[in-house]
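Asker: give the three-dimensional model of this entry:
(chains A and B)
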There are 2 protein chains.
Amino acid sequence: MHSFEELSELFKEKFEVAHFPAEPATLYNPNNYFLSIGGKRVRPVMCLMGNELFGDIIPDCYQVATAIELFHNFTLIHDDIMDKAPLRRGMQTVHEKYDASTALLAGDVMLVRAYDYLNNIKTIYIHRILHLFNKTAKEVCEGQQLDMDFEKQEQVSMEQYLKMIELKTSVSLAASLQSGAILGGAGEGNQRHLYEFGRNLGIAFQVQDDYLDAFGDPEKFGKKPGGDIMANKKTFLMIHALETAPAAQKKLLLQLMRENPSDKVARVVAILKDCGVDKWAVDLKEKYTNIAFMHLEDIAVMDKRKRPLKELAAFLVKREH
Amino acid sequence: MHSFEELSELFKEKFEVAHFPAEPATLYNPNNYFLSIGGKRVRPVMCLMGNELFGDIIPDCYQVATAIELFHNFTLIHDDIMDKAPLRRGMQTVHEKYDASTALLAGDVMLVRAYDYLNNIKTIYIHRILHLFNKTAKEVCEGQQLDMDFEKQEQVSMEQYLKMIELKTSVSLAASLQSGAILGGAGEGNQRHLYEFGRNLGIAFQVQDDYLDAFGDPEKFGKKPGGDIMANKKTFLMIHALETAPAAQKKLLLQLMRENPSDKVARVVAILKDCGVDKWAVDLKEKYTNIAFMHLEDIAVMDKRKRPLKELAAFLVKREH
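Answerer: Next up, the predicted model:
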C-alpha cells in the first residue's frame, strides 16, 4: 500500500520519459513543452489508487495511467485554444507560445498517443478499459461544449451547471479510479461505488474551486481571486445567488455584472456573504463529500486499504489553493 | 467478390446510421452536418477490399471501415480550421457554419467515436488493428504539420514534398487496405505488399491531383483549376519546375509568384508546359502506379481476386476530376 504522495512520486518518475519522437519537431516540441510545465497528475494517481485498493499495482496500470494523463493534457491544450487562455500554470499556453494550428494538431496527436498506451495493455482488459475511456472522453467533450454554450446563455440553472461540471470534471476523476479498479480485478458493484466516490468527490472539488475564487485566501490561493467574478462566470456561487437572493440584492448583482465597476469583486463578494452563499457552498461541498464517503464505505475491501483514498479526498476538497 | 462500386454502395448503406447521440445538439449537429455532405468514402471501401482480397468480408470489417471514415472526417474538419477553408465539397466547412471552437471539439469527439467502433471488433484483432490505426493517425498528423511548415518555407525539395504527401495522404490509403487484410487473415508478406500497393497508389493519386489543378479540363474537373498556382502552393509540378527549369523560365516563375498578375494561372501553365512538366508529371504518375501494380502482382492470391483493386487504381489515378 502506498500513500497518495508516494504514488504521485512513483507516477511522476515513470511519466518522465519521451512520449514523442524527435521529428517533426514543429509538431512534437509543443507537446514536450506542455508536458514539461507539469501538473498535479491527480488522474493517473487515482488510476493507481483504484488498482491498489484491490491488490498490487500491475504493470498495465502505468500504461493506462499514462494514457489518462496524456488525454487530460490533450483536453487542456484544446480547451486553452477555445478559451483563448494565455497562461496555464503560470506558463504560456501552447497556442500562445506557438500558434492555434500547431496547438490544435499537437493536441490531436497527444490524444492518439494516449490510445497507443492503452493498446499496450493485456488483451483481457482492453475492451473494458477502452469502453470506459471512450465513454469518458466523449463526456468530457460534451462538458466542454456545455461550458461554452453556457457562456452565451443568459441564464443557467443549477441543474444544468451541475450536469456540465459532472461531464467536464467529475467523470474523468471517477473513470480514472474505475480504470484502476478494473485492472485490480474488482467486481462490478465495487467498481460502481468507486466510480460514484470519484464522481461526487469531483463535484465537491469543483464547489471548492468556485468557493476559493470568491473567498480564498489570496496568499494561499496562488492566483488572484475573483477571476470568475470579473468574467461573470456562472459558478455554483453565482447561480445560487441569482436563484435565491432577495430582489434588491439580485438587482445589484446583475447591475455589477453589467457595469463592471473597478470594485466589482469586493462588492460581489460582500453580497454573496450577505446572502449566506459562502456558508451554503461549504454545506454543498460537504454534502457531496459525504455522499462520496458513503460510497467509499460500501466498497467491500478492508478499511485500511481505503486510507489513501481518504487522503486524496482531503487533498482535493480541503485544499486552499 | 464485389466490384468497387458495389462495395461503395454496401458501405454507404451501412454508414447511413446515427453515429452520435442527439444531445448536446450544439456538439453533435455539426458532426452530423459534416457527415451528411458526403464524400467518396474511398478509405472504408479500401478496407473492405483489403478484406475481400483474402476471403469473405467479416462483420468486424464494417466496424473498422466506419472507424476509418470517421477518422478521415475528423482530419478534414480540423484541417479546414487550420487552412481557414470556407468550403468543402461545395458546402460550408464546420468552422464556417458554426465556429472554430465548435469545429475543434466536434472533430475531437469524432475521433473518439472512431475508437468506439474499433473497440467493437473481436479481441483477436484488436491489438494489431489499433496499432496500425494509431501509427497511421500519428503519421497523418505529422503530414499535416509538414504541409503547414512548408507554407512558411521558401524552398521545399522534392524529397521533402514526397515525404509529406506520403504521410498526409498515402499511408491512410495503405493502412485502410492493410486493416482489411488483417481481418481477412492475410500473412505478413501479403499485408506488406498490399500496404505498398496502397502507398504508391496514393502518391500517384496526389501527382494526378496536382496535375489536374494545372492541366485538368475545367468542365470535368468540377472546380476551378489553378487554385494551387494562385496560392503559390508547392506541388509536384512547381517543385519540379523550380528544380529543373532553365534560368530564364525559373526567374519568370518566381516573378509571377511574387507579383500575382491577373493572368498568372495561364502564364504559369504555359511555362510548365514549355518546360515539359506536364509530360514529366504523367511519367511520374505512371512510375508510382507501376510500382503499385508490381506489389499487387506479388500478393499471393488468385489473380481474379485482384480485379476490384485494379478498378480502384483506375478510379484513383485515371480520374479527371
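Asker: just the pLDDT at the residue most central in space within chain A, thanks.
Answerer: Central residue of chain A (C-alpha atoms, centre = their mean): A:T169, 4.2 Å from the mean position. Among the per-residue scores, A:T169 shows a pLDDT of 95.
Asker: I'd say it and A:L201 touch.
Answerer: No: taking contacts as C-beta atoms under 8 Å, A:T169 lies outside contact range of A:L201: 10.3 Å. To be clear about C-beta, it is placed using only N, CA and C from the backbone, and glycine gets the same treatment.
Asker: so what's the residue nearest to the centre of chain A up against?
Answerer: A:143, A:202-203, A:205-206 (C-beta atoms under 8 Å, 6 or more residues apart in numbering or on different chains).
Asker: mind running it again at 6 Å?
Answerer: A:T169 makes contact with A:202, A:206, according to C-beta atoms under 6 Å, 6 or more residues apart in numbering or on different chains.
Asker: find the nearest non-adjacent residue to A:Y117, please.
Answerer: A:A67 (4.0 Å; C-beta to C-beta, 6 or more residues apart in numbering or on different chains).
Asker: do you know how far A:K250 is from A:K152?
Answerer: 21 Å (C-beta to C-beta, to the nearest Å).
Asker: can you tell me which helix or strand the residue nearest to A:Y117 belongs to?
Answerer: Using DSSP states H and E, A:A67 maps to helix A:59-83.
Asker: got the angle for that helix vs helix B:59-83?
Answerer: Angle of helix A:59-83 versus helix B:59-83, following axes from the mean of the first three to the mean of the last three C-alpha atoms, to 10 degrees, is 40 degrees.
Asker: any idea of the mean pLDDT for helix A:59-83?
Answerer: 98.
Asker: and if you look at stretch A:241-254?
Answerer: For stretch A:241-254, the mean confidence score works out to 95.
Asker: how about A:M91, phi and psi?
Answerer: In terms of degrees, to the nearest 10, the main-chain angles of A:M91 are phi -110, psi 160.
Asker: I meant A:R88, not that one.
Answerer: phi -140, psi 120.
Asker: separation between A:I57 and B:A100?
Answerer: Taking C-beta to C-beta, one finds A:I57 at 41 Å from B:A100.
Asker: would you map the strands across chain A?
Answerer: A:87-88, A:91-92 (DSSP state E).
Asker: closest one to chain B among the ones you listed?
Answerer: Closest approach to chain B among the strands of chain A is made by strand A:87-88 (16.7 Å; C-beta to the nearest C-beta).
Asker: contacts for the closest one?
Answerer: Outside strand A:87-88, the residues that reach it (C-beta under 6 Å, 6+ apart) are A:D80.
Asker: give the partner strands of that strand in its sheet and their orientations.
Answerer: Sheet pairing of strand A:87-88 (DSSP bridges) gives strand A:91-92 (antiparallel).
Asker: how far is the strand it pairs with from where the chain is centred?
Answerer: Computed by C-alpha atoms, centre = their mean, to the nearest Å, the separation of strand A:91-92 from the middle of its chain amounts to 19 Å.
Asker: wait, the residue nearest to A:Y117 touches A:L118, no?
Answerer: Yes: assessed by C-beta atoms under 6 Å, A:A67 is found in contact with A:L118 at 4.7 Å.
Asker: tell me which helix or strand in chain A has the weakest average pLDDT.
Answerer: helix A:218-221 (a mean of 70; mean pLDDT, DSSP states H and E).
Asker: and A:E69, how close does it get to chain B?
Answerer: 17 Å (C-beta to the nearest C-beta, to the nearest Å).
Asker: excluding its backbone neighbours, what's nearest that residue?
Answerer: A:P44 (4.4 Å).
Asker: residue contacts, that neighbour?
Answerer: Each residue near A:P44 by C-beta under 6 Å, 6+ apart is listed here: A:11, A:65, A:68-69.
Asker: burial measure for A:A270, as a count.
Answerer: A:A270 has 13 neighbours, counted by other C-beta atoms under 10 Å in any protein chain shown.
Asker: that one and chain B, how far apart?
Answerer: On the measure of C-beta to the nearest C-beta, A:A270 and chain B end up 34 Å apart.
Asker: cool, and A:L7?
Answerer: 27 Å.
Asker: now A:A266: how far from chain B?
Answerer: For A:A266 relative to chain B (C-beta to the nearest C-beta), the value is 32 Å.
Asker: identify the residues contacting stretch A:22-33?
Answerer: A:20, A:94, A:98, A:102, A:106, A:110, B:142, B:145-146, B:149.
Asker: grab the nearest non-local neighbour of A:H95.
Answerer: Nearest one to A:H95, counting by C-beta to C-beta, 6+ apart, is A:A103 at 3.7 Å.
Asker: ignore the last one, A:Y288
Answerer: A:A204 (3.9 Å).
Asker: hang on, isn't the one you found packed against A:N290?
Answerer: No: assessed by C-beta under 6 Å, A:A204 is found out of contact with A:N290, at 8.9 Å.
Asker: quick one: which of the two has more around it?
Answerer: Higher neighbour count among A:A204 and A:N290: A:A204, with 23 against 12, using other C-beta under 10 Å.
Asker: from A:I165, how far off is the more buried one?
Answerer: Relative to A:I165, and taking C-beta to C-beta, A:A204 is found at 10 Å.
Asker: give me the low-pLDDT residue ranges for the stretch 201-321 of chain A?
Answerer: A:221-223, A:319-321 (pLDDT under 70).
Asker: now do 90
Answerer: A:216-225, A:227, A:231, A:315, A:318-321 (pLDDT under 90).
Asker: what's near enough to touch A:I121?
Answerer: A:60, A:63.
Asker: for it, what are phi and psi?
Answerer: phi -80, psi 160.
Asker: up against chain B, what does chain A have?
Answerer: For chain A, the residues in contact with chain B (C-beta under 6 Å from any C-beta of the partner chain) are A:24, A:26-27, A:78, A:82, A:101, A:105, A:108-109, A:112, A:115-116, A:119, A:123, A:126, A:130-131, A:134, A:137-138, A:141-142, A:144-146, A:148-149.
Asker: show me the residues you listed that map onto helices.
Answerer: Mapping the residues of chain A next to chain B onto helices (DSSP state H) picks out A:26-27, A:78, A:82, A:101, A:105, A:108-109, A:112, A:115-116, A:123, A:126, A:130-131, A:134, A:137-138, A:141-142, A:144-146, A:148-149.
Asker: relative to its centre, which residue of chain A is most distant?
Answerer: A:A248 (35.3 Å).
Asker: need the contact list for that one.
Answerer: No contacts exist for A:A248 under C-beta under 6 Å, 6+ apart.
Asker: how close does it get to A:R258?
Answerer: A:A248 is 16 Å from A:R258, where distance means C-beta to C-beta.
Asker: same question, A:K287
Answerer: 32 Å.
Asker: who has more neighbours out of the two?
Answerer: Neighbour totals were compared for A:K287 and A:R258, and A:K287 leads with 14 against 8 (other C-beta under 10 Å).
Asker: that one and A:I203: what is the separation?
Answerer: 9 Å.
Asker: next one: A:T136
Answerer: Taking C-beta to C-beta, one finds A:T136 at 16 Å from A:I203.
Asker: and if you look at A:Y211?
Answerer: 12 Å.
Asker: who has more neighbours out of those two?
Answerer: For the pair A:Y211 and A:I203, the greater number of neighbours falls to A:I203 (25 against 21), based on other C-beta under 10 Å.
Asker: so what's that one closest to, chain neighbours aside?
Answerer: Once flanking residues are discounted, A:I203 sits nearest to A:Y288: 4.5 Å by C-beta to C-beta, 6+ apart.
Asker: that older thread, more crowded one of A:K250 and A:K152?
Answerer: Neighbours per residue (other C-beta under 10 Å) separate A:K250 from A:K152, with A:K250 holding more: 16 against 7.
Asker: what's around A:Y28, how many residues?
Answerer: A:Y28: 23 neighbours (other C-beta under 10 Å).
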